[in-house]
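> Predicted model and sequence below, questions to follow.
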Amino acid sequence: MRHDQLAALLHELASMPGETEWVEFKVNNWAPEDIGEYLSAIANSAALHGKNKGYIVWGVADKTHALVGTTFKPRCEKVGNEELENWLAIQLAPRIDFRIHEFQAAGKEFVIFSVPRATHTPVQFKGTEFIRSGSYKKKLKEFPEKERSLWALFAKQPFEKGLAFEGAGADDVLAMLDYPAYLEMSRQNLPENRSAILKRLVSERFIVARTTDRYDITNLGAILFAKSLDAFEHLARKALRIVVYKGVNRIETLREQVVTKGYASGFEAAIEFINSQLPQNEAVGQALRKEVRMFPEVAVRELVANALIHQEFHITGTGPMVELFSDRIEISNPGVPLIDTLRFIDEPPRSRNEDLAAVMRRMQICEERGSGIDKVVFSVEMFQLPAPDFRVSPGHTIAVLFGPRKFADMDKADRIRACYQHAGLLVVSGKQMTNATLRKRLGISDKNYPIASRIIRDTIEAGLIKPHGQASESKKDAKYVPFWA
């Protein structure tokens with residue numbers, strides 16, 4: 001935060017009529033254990049009171065709120081041999097991205113700890129959850145009604161409605177959000193004045209009017225149209241990271257790009273950079289030669305968009321990532337999917353971030369509900385690539401696109417996955433898989449139909465497909481559908 005913003009925040013907090021449950025005033029007391037407990041209490045109380053952040057302020061008298069200044073220098077203090085800030089961070093669970101601001105105002109020194117609200121679980125310090133009750137810091141378990149209310153809030157508070165920046169002036173809003181990109185992508189003309197632009201942003205819930213000349217920027221507005229996500233403290237780590245490696249592992253990095261623009265305004269640039277790093281193959285047709293990317297762009301676009309939309313924003317310290325290897329692309333996002341990865345083809349997606357998904361679809365960044373993964377699988381089949389792999393690792397969802405691979409080089413798991421996805425793609429298109437369609441999908445010659453039969457049998461044994469129609473049908477004409485059809 002800029003110095004003028006910190007000074008304005010200090011005066012705003014000090015002008016409150018009494019000490020609130022999401023603000024704590026101190027002068028010089030900085031006992032490490034006490035600060036840690038207050039971080040837990042303020043984070044939980046801020047959530048309970050519907051605040052995006054809480055604050056611990058040094059340099060303000062507790063009773064009178066007089067601006068008296070402080071001698072506390074948090075970045076100079078240590079606990080044992082460890083810096084205070086790091087010591088506090090590792091004692092909190094889940095970790096919260098609290099920020100320390102040291103500044104001068106009226107010739108005096110002040111310190112503000114900006115404490116983000118608890119989001120999906122109460123914040124603990126050394127294994128204990130704290131809460132504010134009036135001006136007192138207490139253990140949360142002593143107040144079961146507050147604990148129940150807190151959990152109820154976690155269940156219904158969507159990320160998009162949270163605040164990324166509070167109390168911004170009109171000029172700050174227009175400087176921090178890429179409103180020209182929003183107007184262009186939504187096919188709107190530029191309004192005739194600043195007030196009209198701000199009204200548009202309010203109507204989209206990108207900002208919330210606070211006073212006549214102050215606004216709060218929502219997470220929705222910032223994550224979609226930030227000119228730089230670095231300007232929003234708790235969103236900076238959510239920027240899309242693209243890493244290009246040499247070879248098939250992560251030993252040597254060739255280049256790395258962090259897309260600091262908002263997801264909507266920066267999407268095309270991100271896709272363009274990814275495509276520029278992909279290997280090309282030369283295709284010849286109708287006496288013309290052209291360079292063709294190793295991976296279908298529609299698949300890359302859809303999987304990157306899915307990673308942005310369906311991530312769990314409340315998981316801190318990590319964000320969406322695209323990793324390019326010589327033989328594959330891995331696209332990952334924080335959070336496990338809300339539906340089984342085996343049902344990505346047929347079930348409409350369920351998103352934790354419905355408002356974000358709706359805007360991304362309206363801006364035509366991703367496909368309409370339920371059609372995206374179908375297009376990924378279809379385009380992969382058209383390129384005769386191995387079937388994509390959708391994985392869940394602890395805390396993350398990963399989609400893998402594989403480069404060209406001969407059938408002989410595919411292992412049993414590759415072949416079963418291709419068979420299952422091929423059957424699913426046909427069913428959602430109103431058709432059924434046969435030995436012949438699978439041979440075409442995998443490039444197996446007609447004379448080698450027993451190989452396709454073996455793959456079908458293995459996929460049935462894996463519980464992923466089943467016969468369709470009359471049991472008396474010959475193997476040649478037999479039809480197969482996914483287990484869920």
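Noted; the coordinates are in hand.

> what about residue 424, is that helix, strand or coil?
Here residue 424 is recorded as helix under DSSP: H, G, I helix; E, B strand; the rest coil.

> That one: how many residues sit nearby?
By other Cβ atoms under 10 Å, 26 other residues sit near residue 424. Quick note: C-beta positions are derived from backbone N, CA and C, even for glycine.

> Relative to residue 165, how far out is it?
Noted for residue 424: a distance of 43 Å to residue 165, by Cβ to Cβ, to the nearest Å.

> ditto for residue 219
Using Cβ to Cβ, residue 219 is found at 10 Å from residue 165.

> So, low pLDDT: which residues of the chain?
Scanning the chain for pLDDT under 70 picks out 19, 155-156, 281-292, 367-371, 470-474.

> what sits against the most centrally placed residue in it?
In the chain, the residue lying closest to the centroid (Cα atoms, centre = their mean) is residue 311, at 3.6 Å. Contact analysis of residue 311 by Cβ atoms under 8 Å, 6 or more residues apart in numbering lists 238, 319, 320, 333, 334, 335, 352, 353.

> how about a cut-off of 7 Å?
320, 333, 334, 335 (Cβ atoms under 7 Å, 6 or more residues apart in numbering).

> how about CSV for those residues, with distance to residue 146 and secondary structure added?
As requested, the contacts of residue 311 are arranged in CSV below (distance: Cβ to Cβ, whole Å; DSSP: H, G, I helix; E, B strand; the rest coil):
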residue, distance to residue 146, secondary structure
320, 34, coil
333, 33, strand
334, 28, strand
335, 27, coil
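
> Just among these, which is most surrounded?
That'd be residue 333 among those, by other Cβ under 10 Å, with 27 neighbours.

> ok, so what distance separates residue 230 from residue 258?
Computed as Cβ to Cβ, the residue 230 to residue 258 distance reads 9 Å.

> Overlap of the contact sets of those two?
Common contact partners of residue 230 and residue 258 (Cβ under 7 Å, 6+ apart): none.

> Next, give phi and psi for residue 56.
phi -110, psi 120 (degrees, to the nearest 10).

> Tell me if I'm right that it and residue 24 touch.
Yes. Judged on Cβ atoms under 7 Å, residue 56 makes contact with residue 24 at a distance of 4.8 Å.

> Residues touching stretch 238-247, excluding its own?
Counting by Cβ under 7 Å, 6+ apart, 223, 229, 252-260, 270, 273-274, 277, 308, 313, 319-326 sit against stretch 238-247.

> buried sites along that stretch?
For stretch 238-247, a neighbour-count test (16 or more other Cβ atoms under 10 Å) marks 238, 239, 240, 241, 242, 243, 244, 245 as buried.

> give the contact list for the closest residue to the residue nearest to the centre of the chain other than its chain neighbours.
Computed as Cβ to Cβ, 6 or more residues apart in numbering, the closest residue to residue 311 that is not its neighbour in sequence is residue 333, at 3.9 Å. For residue 333, the contact set (Cβ under 7 Å, 6+ apart) comprises 307, 310, 311, 320, 396, 397.

> Ok, residue 125 next?
Listed by Cβ under 7 Å, 6+ apart, the contact set of residue 125 reads 36, 37, 39, 40, 91, 92.

> if I look at the third one, how far off is residue 30?
In this structure, residue 39 lies at 12 Å from residue 30, with Cβ to Cβ as the measure.

> and residue 141, helix, strand or coil?
helix.

> and what of the one 4 residues further on?
What three-state DSSP gives for residue 145 is helix.

> Could you report the neighbour count for it?
7.

> for stretch 153-164, which positions count as buried?
Applying 16+ other Cβ under 10 Å to stretch 153-164 flags 153, 157, 159, 160, 162, 163, 164 as buried.

> So which of the residues you listed belong to helices?
The helices, defined by DSSP state H, take in residue 153 from these.

> so of the buried residues of stretch 153-164, which ones are in strands?
163, 164 (DSSP state E).

> and residue 163, how far is that from residue 274?
31 Å.

> which one among the buried residues of stretch 238-247 gets closest to residue 300?
Distances from these to residue 300 were compared by Cβ to Cβ; the smallest belongs to residue 242, at 11.2 Å.

> Torsion angles phi and psi at the closest one?
phi -120, psi 120.

> Please tell me how far it sits from residue 333.
From residue 242 across to residue 333, the span is 13 Å (Cβ to Cβ).

> same check, this time on residue 227
When residue 227 is compared with residue 333 (using Cβ to Cβ), they lie 23 Å apart.

> Then residue 348?
18 Å.

> With residue 400 instead?
Between residue 400 and residue 333 the computed distance is 13 Å (Cβ to Cβ).

> and if you look at residue 386?
For residue 386, the distance to residue 333 - Cβ to Cβ - is 22 Å.

> What of residue 139?
From residue 139 to residue 333 the distance is 35 Å (Cβ to Cβ).
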